[in-house]
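J.: please work out how this folds:
(chains A and B)
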Amino acid sequence: MNRAEEALKRKPKRWVMNLIFFVAMIVAIVFSFSGSKINWSRFRSIGHSLRVMLAGFADLQWDFFFGTGIFQFKEGVVYLTLVTLAIAFIGTFIGAVLAIPFGFLASQNIVGKHVARIGEAILVIIRVFPEIILALILVKGFGMNALTGVLTIGLHSIGMLGKLFAEAIDNMDKSPLEALDAVGANIWQKIRYGVIPQVAADISSITLYRLDINVRSATVLGIIGAGGLGASLILAAESWSWNILGTILLAIVVMVLVVDVISSYLRGKLV
Amino acid sequence: MIKFVDVSKTYPNGVQALKNVNLEIHDGEFVGIIGLSGAGKSTLLRSINKMISITSGQLYIDDVEISSIKGAELRLLRRSIGMIFQSFNLVKRMSVFNNVLTGRVAYHPTFKTVFGLFPKEDKLMALESLDTMGILEKAFTRADQLSGGQQQRVALARALTQRPKLILADEPVASLDPITTVQVMDDFHRINKNFGITVVANMHHVDLALKYATRIIGIKDGEVVYDGPSAHISDDTLVSIYGRSLRHDEVLGE
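T.: The predicted structure follows:
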């Protein structure tokens, strides 16, 4: 027996674990399907339904789009899109401003290992709390309006922004801080001249990226009444008004694309 | 004047970096500290502006005992001492001018400096320092656009803008090429001669230390084994500092 054959014998045998894993997967899938009552007859009419929907989407309502005609909504799509954008923009701004102190609080460079853990824990709690649930709670306090959307986006953004800001602060070059210590700078002067110039570009870039995400969130949050396009979207879907739904979708696609292109361009200019 | 009296430094991990050091450095001197890596050169240098705190003995700067000072008093001490680092320690994303201007932050209240409100004299001081270092035309470019030698000159300009009486240099030319090294060492010489600023520099190039410093302090295992004029240093002295005689190419350090 040569060395290669011996080595082959020592090859770990994994087939038992693989089999157990495979069987467990099958059981889970079968169990999941058995719980849901699927209406198979719907599958037969799905082609027809899709045709009706697509025909509706094609029949764009330009009066409604520009808000020049009168439908079941007071305002046109362009206006509502701007409201959604404004909610995302102000929400992101508030989130970024609030995330800066959290970022410092979660940075080992600034506050040391132990305090940074506390800061990180706070940010994790903010992050894991689903946005839609936060909105459902806030809507009870602030009502079905744009303010609810702004607050939801602002508060929820802190979780991710604070974490990424802290990473930017931890990744920066620490040697200028040593030099600032040597010129007799205090902690505020060190932050102003040693930290901020190094992280400003990163923080702006992260915030622009979050704005991208928040434009999408603002649309979805509108569905539960947090202002902007979402409310019209859900009403149109509930009343089977495919032409109106299509008009709104067009606006959403254009808005998301435009924001994406602008924020990518600006982020490319940074650093 | 800097005065070490029985100064020792033991790090928390038990390493004794300085052992009963007694020294006096007078105003206007150009002191080169030489020794092997880990001999305690950096600890000796950094104890002078308390970037490292000594564990026993007394250290006087102009008759002020500094081992007990802290907070605002320490910052006032540090603003009168320039410091130069091996890796320049500039904010690379900031303009040369703003980097140099940070030499003034300890002269003004926090709120003014945080809003960037420096008096016109300070701005002119920063630009004059850059002019002294021969890089005035680079004032408004970003620091990362400059070569290593230019960046070290910016660091020197920052130190000059502090209006220091003393400049500490921790391996100032260790990351520069030989030609730039000579230019930067000439700058140190000029600053020492023209402005009467005391220079204390750690160097591992023995030939540079002998050429530029007027006084050599040799350190081995935390102890001062030689202290005297650079002109009088002999091969025997180098043996006592480095543990063996140096070959010609090692003295040149290139």
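J.: which residue sits closest to A:Ala231 in space, ignoring its chain neighbours?
T.: Using Cβ to Cβ, 6 or more residues apart in numbering or on different chains and skipping the chain neighbours, the partner closest in space to A:Ala231 is A:Gly222 (5.2 Å). (Each C-beta comes from the backbone N, C-alpha and C, glycine too.)
J.: next secondary structure after whichever strand or helix holds the one you found?
T.: Using DSSP states H and E, A:Gly222 sits within helix A:196-223. Per DSSP H and E, the first helix or strand lying C-terminal to helix A:196-223 is helix A:229-238.
J.: quick check, pLDDT for residue 212.
T.: As the question left the chain open, I've gone with chain A. pLDDT for A:Asp212: 90.
J.: sorry, should have said chain B
T.: 92.
J.: check A:Thr84 too.
T.: Among the per-residue scores, A:Thr84 shows a pLDDT of 89.
J.: what strand or helix carries it?
T.: helix A:77-105.
J.: angle of that helix against helix A:196-223?
T.: 140 degrees (axes from the mean of the first three to the mean of the last three Cα atoms, to 10 degrees).
J.: quick one, what contacts residue 116?
T.: No chain specified, so I'll use chain A. Residues near A:Ala116 by Cβ atoms under 8 Å, 6 or more residues apart in numbering or on different chains: A:105-108, A:110, A:166.
J.: can you look at chain B instead?
T.: Counting by Cβ under 8 Å, 6+ apart, B:Gly116 has contacts A:Arg192.
J.: A:Gly141 now?
T.: For A:Gly141, the contact set (Cβ under 8 Å, 6+ apart) comprises A:Thr148.
J.: if I look at it, how far off is chain B?
T.: 36 Å (Cβ to the nearest Cβ, to the nearest Å).
J.: thinking again about what came up before, just give me the least confident of the contacts of A:Ala116.
T.: Minimum pLDDT for these is recorded at A:Ile110 (80).
J.: which residues sit in contact with that one?
T.: A:104, A:116, A:169, A:191, A:195.
J.: redo the residues you listed as TSV? Include pLDDT.
T.: Output for these, formatted as TSV (pLDDT from 0 to 100):
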residue	pLDDT
A:Phe104	91
A:Ala116	90
A:Ile169	92
A:Ile191	91
A:Val195	92
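J.: quick one, phi/psi of the residue of the stretch 101-250 of chain B found nearest chain A?
T.: Nearest residue of the stretch 101-250 of chain B to chain A: B:Ala106, at 3.2 Å (Cβ to the nearest Cβ). Per-residue torsions, B:Ala106: phi -80, psi 0 (degrees, to the nearest 10).
J.: now for the closest residue to B:Ser37 other than its chain neighbours: which residues touch it?
T.: Residue nearest to B:Ser37 in three dimensions, not counting chain neighbours: B:His204, with 7.3 Å by Cβ to Cβ, 6+ apart. Contact partners of B:His204, counting by Cβ under 8 Å, 6+ apart, are B:34, B:37, B:171, B:174, B:253.
J.: most neighbours out of these, which is it?
T.: When those are compared by neighbour count (other Cβ atoms under 10 Å in any protein chain shown), B:Ile34 ends up highest, at 28 neighbours.
J.: tell me the SS of the closest residue in space to that one that isn't next to it in sequence?
T.: Leaving aside its chain neighbours, B:Ile34 sits nearest to B:Ala209 (5.1 Å; criterion: Cβ to Cβ, 6+ apart). Using DSSP: H, G, I helix; E, B strand; the rest coil, the structure places B:Ala209 in helix.
J.: before we move on, what about B:Gln58?
T.: Following three-state DSSP, the label given to B:Gln58 is strand.
J.: tell me how far the residue in the stretch 151-271 of chain A that chain B sits nearest to lies from A:Ile191.
T.: The stretch 151-271 of chain A approaches chain B most closely through A:Gly184 (3.2 Å), counting by Cβ to the nearest Cβ. A:Gly184 sits 15 Å away from A:Ile191, going by Cβ to Cβ, to the nearest Å.
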